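J.: following is a predicted model, sequence given first.
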Amino acid sequence: MTPARHARTLTNQAYPNGEPYQLARGRYAPRTCVEDYLQPSSSPVQGRPDADEFVRLIVREMKIRFYQPKTIKSYRNELVSLLRWFGAPPHRLTREDVREYLLYLVDAGLSSSTVSNHLAAIRTAFDKMCLRQVTFGLVVPRKPKRLPVILSPDEIIALLQAAPSQRDKLLLGLMYATGMRVSEVVRVRWRDFDFDRRVINVWQGKGRTDRQVTLPVCYESLLTELSKGFAGDDYVFPSESGTKRNRHLSPRTAQRIMERAVRMAGIKKLATPHSLRHSFATHSFEDGHDIRRIQKLLGHIRLETTTIYVKVARPTDEAAITSPLDKLYHAPPCVAAAKTRRKTVGQLRIHFLQQPSDAANCRCAKVTLALAGGERPVYFTGIIASEARPGFVTLQIPPLEQWSEPLSWLTRPQRERFEEPEFYEMLQREIVARLCQLPPAPT
């Protein structure tokens, strides 16, 4: 009902005491409706262009409106996919065609998130920019509500210890210590560290917002020492490419670093770099930090996004419900499946030099790896295997940076084998087995 019609209706009615209704005055007075509409002439796409020209004009408009580069690339690919499937000029696209295209994507086995991205690209191009309303009435597909993967503190320690190089340890450690996204941590420059205030500045993160995260105290001395050899504009994690300079590490490379560390640590969970962000938020909430403070550190706009970590946090009530099955049975031991034997790239020998141990009936040894297969053996030193208590063996493997010289003498297949998680799993298994066979070292 319009305000004018509503006013006429009120004048024909009366209060319970018989007095006629009076229209409100001042800020509460009825106002005329404000109609806002856009003319088709304001559309950035005029005429009836072909598919290629249509995509070019939409990409140009998105750049003018300062869409994120990743969004522009994604929307462009999805528009190209739509127009190839449609096979006709873009101006002939109807709402029913969009429905058929979405059904085609669903039948192809795409996830609800992917279908939602395609719908968002179509809505942006045709509805927001071309004023076509071809997605009017189409709702965003329902997404499954999945709980985040959380790593335990012991798994975090094992993950950082399994990272083979100092760069990998620092990359994974910063993601867990600060809660930064993988796309944010790879873009950190040395000038972003504020050692006086112990914060890291995150510029233009997701949603084009700036924020500050806490600089871990345990990394302060290491980062201070490393920063001396770089300029402020240099990236903390530069690209591995030798041809592209002043480029940061790609998020995909960071994902591969995480995958390798997860396998080397023996973690069975489907952990990704974002799992470190989930673990940071969950562990912070379990430690008693305020949920709104965690929201600010994560950069969430809505508090509802952060409250999901309340659901996965460990219950603090001592009377928490336990499974009655735990009182009846114990889980049977798991037997690992046999692995296929791979082609050897050299002969590896492990040499032990037993050292005195501080604990009684325990062992400690320096381990040297001798790799034969080239012109001369290549030696890798610096490994220390110690038994803190009977049956509990700890390995200290140097970062790959300390082995840069002997690694340069290896062939390419041998260097690639050194970077594989299976190599470190085999190395850990053999060293532990050999150490347990040694007699206890004298104290």
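T.: Structure's in. What do you need? Numbering: from 1, shown residues only.
J.: ranges for the strands of this protein?
T.: Under the criterion DSSP state E, the chain contains strands at 193-194, 199-202, 211-214, 347-354, 364-372, 378-389, 392-396.
J.: hey, C-alpha coordinates of the second one in PDB?
T.: Coordinates of each C-alpha in strand 199-202 appear next as PDB, following Å, rounded to 0.1, in the frame of the first residue of the first chain:
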ATOM      1  CA  VAL A 199      52.300  -7.100  15.300                       C
ATOM      2  CA  ILE A 200      52.200  -7.900  11.600                       C
ATOM      3  CA  ASN A 201      50.300  -5.600   9.200                       C
ATOM      4  CA  VAL A 202      48.100  -7.400   6.700                       C
END
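J.: pairing partners for that strand, with directions?
T.: Strand pairing for strand 199-202, using DSSP bridges, gives strand 193-194 (antiparallel), strand 211-214 (antiparallel).
J.: most centrally placed residue in this protein?
T.: The residue lying closest to the centre of the chain (CA atoms, centre = their mean) is residue 274, at 3.0 Å.
J.: was I right to think residue 438 contacts residue 352?
T.: Yes. Using CB atoms under 8 Å, residue 438 is in contact with residue 352, at 6.8 Å. The C-beta positions use only the backbone N, C-alpha and C, and glycine is treated the same way.
J.: circling back: I'd say the residue nearest to the centre of the chain and residue 180 touch.
T.: No. Between residue 274 and residue 180 there is no contact, the gap being 10.5 Å when judged by CB under 8 Å.
J.: of the strands of the chain, which is nearest residue 157?
T.: Of all the strands of the chain, strand 392-396 sits nearest to residue 157, with 11.3 Å by CB to CB.
J.: now do that closest one: distance to the chain's middle.
T.: On the basis of CA atoms, centre = their mean, to the nearest Å, strand 392-396 sits 30 Å off its chain's mean C-alpha point.
J.: what does stretch 54-64 give?
T.: When C-alpha coordinates are averaged (CA atoms, centre = their mean), stretch 54-64 and its chain have centres 29 Å apart.
J.: just stretch 281-293 next, same as before
T.: Stretch 281-293 sits 19 Å away from the centroid of its parent chain (CA atoms, centre = their mean).
J.: state the pLDDT value of the closest residue to residue 419 other than its chain neighbours.
T.: Leaving aside its chain neighbours, residue 419 sits nearest to residue 164 (7.0 Å; criterion: CB to CB, 6 or more residues apart in numbering). Predicted confidence (pLDDT) for residue 164: 85.
J.: just residue 254 next, same as before
T.: With respect to pLDDT, residue 254 scores 93.
J.: next one: the one 10 residues further on
T.: Each residue has a pLDDT score; the one for residue 264 is 89.
J.: what's the neighbour count on it?
T.: Residues lying near residue 264 (other CB atoms under 10 Å) number 22.
J.: so it is in contact with residue 419, correct?
T.: No. Using CB under 8 Å as the test, residue 264 is too far from residue 419 to be in contact (10.3 Å).
J.: overlap of the contact sets of those two?
T.: Common contact partners of residue 264 and residue 419 (CB atoms under 8 Å, 6 or more residues apart in numbering): residue 164.
J.: now do the shared contacts for residue 438 and residue 352.
T.: Common contact partners of residue 438 and residue 352 (CB under 8 Å, 6+ apart): residue 365.
J.: tell me which of the two has more neighbours.
T.: residue 352 (17 against 14).
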